[in-house]
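sequence first, then the predicted structure, then my questions.
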Protein chains: 2
Amino acid sequence: MTMQAQSEALADRLHSTAIHLLRLVRVQDAASGIGPARLSALSVVVFGGPISLNDLARAEQVRPPTMSRIVDALEKDGLACRRVNEQDRRAVIIEATAQGGKVLQQGRKRRVKFLAKHLSRLGRSELLEIERALQSIQKAFRPKA
Amino acid sequence: MTMQAQSEALADRLHSTAIHLLRLVRVQDAASGIGPARLSALSVVVFGGPISLNDLARAEQVRPPTMSRIVDALEKDGLACRRVNEQDRRAVIIEATAQGGKVLQQGRKRRVKFLAKHLSRLGRSELLEIERALQSIQKAFRPKA
DNA sequence: GATAATAATTAGCCTAGCTAAGTAATGACG
DNA sequence: CGTCATTACTTAGCTAGGCTAATTATTATC
């Protein structure tokens, strides 16, 4: 088998495995009652701290109008709030509320627990192997190199 | 580090890596001009052959009405077609058209090429390690065991 | 001070998911 | 043989989440 063919077969499997894995995780996340886009944006705000709408949109790789509506929903549910940036009154600053942080942590706990439960079916050496493989994957897809 | 904590840290990384990987792939798939749900359904029809709407919905883990509309779109674009099952005239059989097959293969080629290009930055031993890790992951998340 | 640029929002469109309700065909049972 | 339940799919109508184009408010520039 050529290096080329090996890479392609692996590419297919990698893609398929990622899809199936995330499909399973989404079911868990659904239990939080928040959609994936909101959950993901909220996590950026919770872990990264206050951020402008533009920056949040960029971090989530969506356009500002899309993020504006996601933040609308987060605000309506009391998970985040907007605040005017007094240094530049055009801009808003989005912050997580206490409840937002709590909801996110619960969701993360549920997800990680689910994943860890399945991973626990493996032995220590397999886990280490996955750990190293993830590092390699991150290396392969790291931008700018 | 306890086994438990190790599993949880790994779970987080696994999740995050899968998300970022698929985000990159989606950009490639967008070039085909077909949305992800349609592309995925089309691939089932192309690789699995003719299939009923219900079975296709189940394969894609969506409800029949959702699949009905996806097939509407595939038909409108000339990528697949419906045919009445003569053995059971309630049911329809969905088949890919020649163009559907062609479009899908092109898309797959683009995606695999993109992934393989990045993976080629790694050495043979790293690729083998990823291969083994994917097998472990599939084992860990295989249903019913 | 007029004008250009920037941050966010609003309006309006598309895809993709859902449930509930409707239609058409099949099957089962008295 | 006819009624009634079941099955396969579609239709109608909702929600979430993505987009572009156009507005509004503020800041920066000349």
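The structure has been received and is ready for your questions.

next, count neighbours for the closest residue to residue A:133 other than its chain neighbours.
If the residues on either side of it in the chain are set aside, residue A:133 comes closest to residue B:133, at 3.3 Å by C-beta to C-beta, 6 or more residues apart in numbering or on different chains. The C-beta positions use only the backbone N, C-alpha and C, and glycine is treated the same way. Applying other C-beta atoms under 10 Å in any protein chain shown, we find 24 residues neighbouring residue B:133.

and the helix or strand where residue B:133 lies, which residues are buried?
Residue B:133 is part of helix B:124-141, with elements assigned from DSSP states H and E. Judged by neighbour count using 16 or more other C-beta atoms under 10 Å in any protein chain shown, the buried positions of helix B:124-141 are B:126, B:127, B:129, B:130, B:133, B:134, B:136, B:137, B:140, B:141.

which parts of chain A are helices?
Applying DSSP state H to chain A gives helices spanning A:3-30, A:36-48, A:53-59, A:64-76, A:98-119, A:124-141.

any bit of the fifth one sitting next to chain B?
Okay, so that is helix A:98-119. Yes - with C-beta under 8 Å from any C-beta of the partner chain as the measure, helix A:98-119 is seen reaching chain B through A:108, A:111, A:112, A:113, A:114, A:115, A:116, A:118, A:119.

who touches that helix?
Applying C-beta atoms under 8 Å, 6 or more residues apart in numbering or on different chains, the set of residues contacting helix A:98-119 from outside is A:24-25, A:28-29, A:31-32, A:34, A:39, A:42-43, A:45-46, A:74, A:78-80, A:96, A:127, A:130, B:4, B:7-8, B:10-12, B:14-15, B:140-141.

end to end, how far does stretch A:19-39 reach?
Using C-alpha to C-alpha, to the nearest Å, one end of stretch A:19-39 lies 19 Å from the other.

could you see whether DNA strand C lies near that stretch?
No - counting by C-beta under 7 Å from any atom of the strand, DNA strand C has no neighbours in stretch A:19-39; the shortest distance is 9.7 Å.

one step back: and the angle from the helix holding residue B:133 to helix A:124-141?
Interaxial angle, helix B:124-141 versus helix A:124-141 (axes from the mean of the first three to the mean of the last three C-alpha atoms, to 10 degrees): 120 degrees.

output the contacting helices and strands for the helix or strand bottoming out on mean pLDDT in chain A.
Between all helices and strands in chain A, the lowest mean by mean pLDDT, DSSP states H and E belongs to helix A:3-30, at a mean of 83. Here helix A:3-30 touches helix A:36-48, helix A:98-119, helix B:3-30, helix B:98-119, helix B:124-141, going by 3 or more C-beta pairs under 8 Å, 6 or more residues apart in numbering or on different chains; DSSP states H and E.

stretch A:7-16: how far from the chain's middle?
22 Å (C-alpha atoms, centre = their mean, to the nearest Å).

what's in contact with it?
Outside stretch A:7-16, the residues within contact range by C-beta under 8 Å, 6+ apart are A:1, A:137, B:21-22, B:25, B:108, B:111-113, B:115-116, B:119-120, B:127, B:130-131, B:134.

mind listing what's buried in that stretch?
Buried residues in stretch A:7-16, counted by 16+ other C-beta under 10 Å: A:7, A:8, A:10, A:11, A:13, A:14, A:15.

now swap in stretch A:64-83 and tell me
Buried-residue list, stretch A:64-83, by 16+ other C-beta under 10 Å: A:67, A:70, A:71, A:74, A:77, A:79, A:80.
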